[in-house]
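sequence first, predicted coordinates after that:
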Amino acid sequence: METHGLSQFITGYIHDRCQFKLEAFNKAADKQISAASAHEKAALEQQLFEQRRELEKKYDVRTWLTDAAARAGQISLVTHAVKYFHGDAKGSSFYSTVKSEGAVYLSTSTLHSPAVDAVGNSAALDVAKILQTGHEGDSLLASLKRGDYCALKALAENEAQCDQWGSGFMQALSDKTLSSHPLAKQLYFPVSGEAGYHLLSPLYSSSLAHALHKRISHSRYSDESVAARKARREKVWSPDLVQFFPDLAVQNVGGTKPQNISYLNSARGGKNHLLRCAPPQWQQTLKPPVSHKTFLKAVSPKVSRVVTDLRRYLHSVYNLENTRAIRQQCAEYVDELIGMIFSYAAEIQSLTDLQGWSQAEDCVLKAAHQLWLDPLRQHSDPDFKLRREAGEWISDIAEDFAHWLNTRLNQDEKLSTGADEFREWSGLMRRRLREFDAAQQENWQ
């Protein structure tokens, strides 16, 4: 591409950021002026005028690039990041440029053009964005890596300033001190000789995770995929393929602040997809629980071990003070129990050949349980869809779960779980069920 195009992109990027900041400043300033008294307005307007001028100076192209180059050392551009294993891990991340031709295993090295991630100070991620954003097949990062400083030279006042910017931005590609951390994963790998073992520190490939995320998102949300799935439901021909990723798991990294993990993790909303890698298993034919009033009766044999473990634990701490550690351990047992129930529910929900099974005359399952376990029925039953979208069934299932669990636990005569435990179990199930249902919505479109 022509160098001036990249220079214009850099200028446009800085201008857009300036406009965004100025709009936010103007809104806040208008509120302050409208709230000020008549004799305060003149002084306040002058003060705000000076502040706005300072903000505009900050986003002068040369001023912003100088500041950005100085802040580039606060981030690292990487393909493998350490914080995916633990948010507080402070070890080194890694930028891999290795390419494998004819590889038989999928890895970062097999990606034609891996996305580059950024880790470090989340306040400096704007630097990562200007380095990585592509423009007409090129980027500032790519040009700097091949030693091409022409885009910066067109904007710099002199050669010295251009070199200062270039060396500053290149700091993002180097980790000054390579190190691991107690919160990072470490493996002892035995070797022959006096050493005895190598200490390995595996890192999570954010680039590979991002490539997988883009592939799955395209298969679900692209116009071609949406049209192909619609054609499949209506049993009409479509030139496009329908792609499925069975038993796909989603790992949420970073909680409510995915940007604290990395730039690409923030772009994905913290979602990292995990493909099923378990060997195939022979299973009996799965049938919906049409003959049960509650699905919990059908799932009870599958979860009896966890319920028994929880009952034994509560029995062992019966005479102890109810501490935070005890409550945490109980929550872990219940969390595992809910996970097993969700696994069963996902299997029932995936019975596409039995779409609308809850409409059968012999189905005695409670309405709330039908709304959860037969989501495909909403494609043919508008009233069912409205009741499902209302969401009241979530509380009904949470309360049924709490009542069922208390009943199972009280089989131990020493235990007497009651209203307090009911609120705890139902609250936990209610939160988890909302998250589960939101994640599963993508499979029913």
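Cool, got the structure.

drop to CA atoms for contacts and neighbour counts, all remaining ones
Noted.

what mean pLDDT does the host helix or strand of residue 398 get?
Using DSSP states H and E, residue 398 maps to helix 392-409. The average pLDDT for helix 392-409 rounds to 93.

just stretch 419-434 next, same as before
What stretch 419-434 shows for mean pLDDT is 90.

what does that stretch contact?
Counting by CA atoms under 8 Å, 6 or more residues apart in numbering, the neighbours of stretch 419-434 from elsewhere in the structure are 334-335, 338, 394-395, 397-399, 401-403, 405-406.

hang on, the earlier thing: what element comes up after the helix holding residue 398 heading to the C-terminus?
Scanning onward from helix 392-409 (DSSP H and E), the first element met is helix 419-440.

in that following helix, what's buried?
Neighbour counts over helix 419-440 (16 or more other CA atoms under 10 Å) mark 422, 425, 426, 427, 428, 429, 430, 432, 433 as buried.

taking helix 392-409 as reference, get the angle to it.
130 degrees (axes from the mean of the first three to the mean of the last three CA atoms, to 10 degrees).

list just the nearest of the contacts of stretch 419-434 to residue 67.
Distance to residue 67 across these (CA to CA) is lowest for residue 335, with 47.1 Å.

next, that closest one: phi, psi?
Per-residue torsions, residue 335: phi -60, psi -40 (degrees, to the nearest 10).

circling back to that earlier point, ok, so of the buried residues of helix 419-440, who is nearest residue 162?
Here the nearest of the buried residues of helix 419-440 to residue 162, counting by CA to CA, is residue 432; it sits at 52.9 Å.

any idea how far the closest one is from residue 271?
As for residue 432, its distance to residue 271 is 16 Å (criterion: CA to CA, to the nearest Å).

contacts only, for residue 63.
The neighbourhood of residue 63, defined by CA under 8 Å, 6+ apart, consists of residue 57.

for the helix holding residue 398, buried residues please.
Residues of helix 392-409 classed as buried by neighbour count (16+ other CA under 10 Å): 393-406, 408-409.

kindly report the same for stretch 115-122.
Here stretch 115-122 shows 115, 116, 117, 118, 119, 120, 121, 122 as buried, counting by 16+ other CA under 10 Å.

any idea which helix or strand comes after the top helix by length along the chain?
When the chain is parsed with DSSP state H, its longest helix is helix 3-35. Heading C-terminal from helix 3-35, the first helix or strand you meet, by DSSP H and E, is helix 38-58.

residues making contact with that next one?
Under the criterion CA under 8 Å, 6+ apart, external residues in contact with helix 38-58 comprise 18, 22, 25, 29, 33, 63, 64.

again, but for stretch 68-78
Stretch 68-78 has contacts (CA under 8 Å, 6+ apart) with 93-96, 116-121, 124-125, 127-128, 164-175.

what does stretch 29-37 give?
With contact meaning CA under 8 Å, 6+ apart, stretch 29-37 is reached by 41, 44, 45, 48.

any idea which of the contacts of stretch 419-434 is closest to residue 256?
Checking the contacts of stretch 419-434 one by one against residue 256 (CA to CA), the nearest turns out to be residue 335, at 19.9 Å.

which residues touch the closest one?
Residue 335 makes contact with residue 428, according to CA under 8 Å, 6+ apart.

who does the helix holding residue 398 touch, helix- and strand-wise?
With contacts defined as 3 or more CA pairs under 8 Å, 6 or more residues apart in numbering; DSSP states H and E, helix 392-409 has these neighbours: helix 295-316, helix 367-373, helix 419-440.

and those helices as a markdown table, adding distance to residue 53?
Listed next are these as a markdown table, based on distance: least, CA to CA, whole Å:
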| stretch | distance to residue 53 |
| --- | --- |
| helix 295-316 | 64 |
| helix 367-373 | 57 |
| helix 419-440 | 46 |
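
for the stretch 51-200 of the chain, give me the ranges with low pLDDT.
Low-confidence segments of the stretch 51-200 of the chain, defined by pLDDT under 70, are located at 174-176, 195.

and the helices in it?
61-71, 125-132, 140-145, 150-153, 159-170 (DSSP state H, counting those that start in this stretch).

what about the closest residue to residue 311 other than its chain neighbours, distance to residue 423?
Taking CA to CA, 6 or more residues apart in numbering, and ignoring the residues beside it in sequence, residue 311 has residue 409 as its nearest neighbour in space, at 5.5 Å. Using CA to CA, residue 409 is found at 15 Å from residue 423.

same check on residue 286?
When CA to CA is the yardstick, residue 286 and residue 423 sit 32 Å from each other.

cool, and residue 238?
If you go by CA to CA, the gap between residue 238 and residue 423 works out to 50 Å.

number of nearby residues for the nearest residue to residue 6 once chain neighbours are set aside?
In space, not counting the residues next to it along the chain, residue 6 is nearest to residue 151; the distance is 6.0 Å by CA to CA, 6+ apart. Each residue near residue 151 was counted by other CA atoms under 10 Å, and the total is 22.

before we move on, what about the one 3 residues further on?
When neighbours are counted by other CA under 10 Å, residue 154 registers 16.

that one against residue 5, yeah?
No: using CA atoms under 8 Å as the test, residue 154 is too far from residue 5 to be in contact (10.5 Å).

give the buried residues for the longest helix of the chain.
Neighbour-count burial for helix 3-35, with 16+ other CA under 10 Å as criterion, is recorded at 3, 6, 7, 9, 10, 11, 14, 15, 18, 29, 33.

the stretch 151-300 of the chain: strands as residue ranges?
If you assign secondary structure with DSSP state E, counting those that start in this stretch, the strands in the stretch 151-300 of the chain sit at 187-190, 197-200, 204-205, 249-252, 271-274.

list the contacts of the third one.
The set of residues that contact strand 204-205 without belonging to it, under CA under 8 Å, 6+ apart, is 79, 80, 81, 82, 84, 85, 108.
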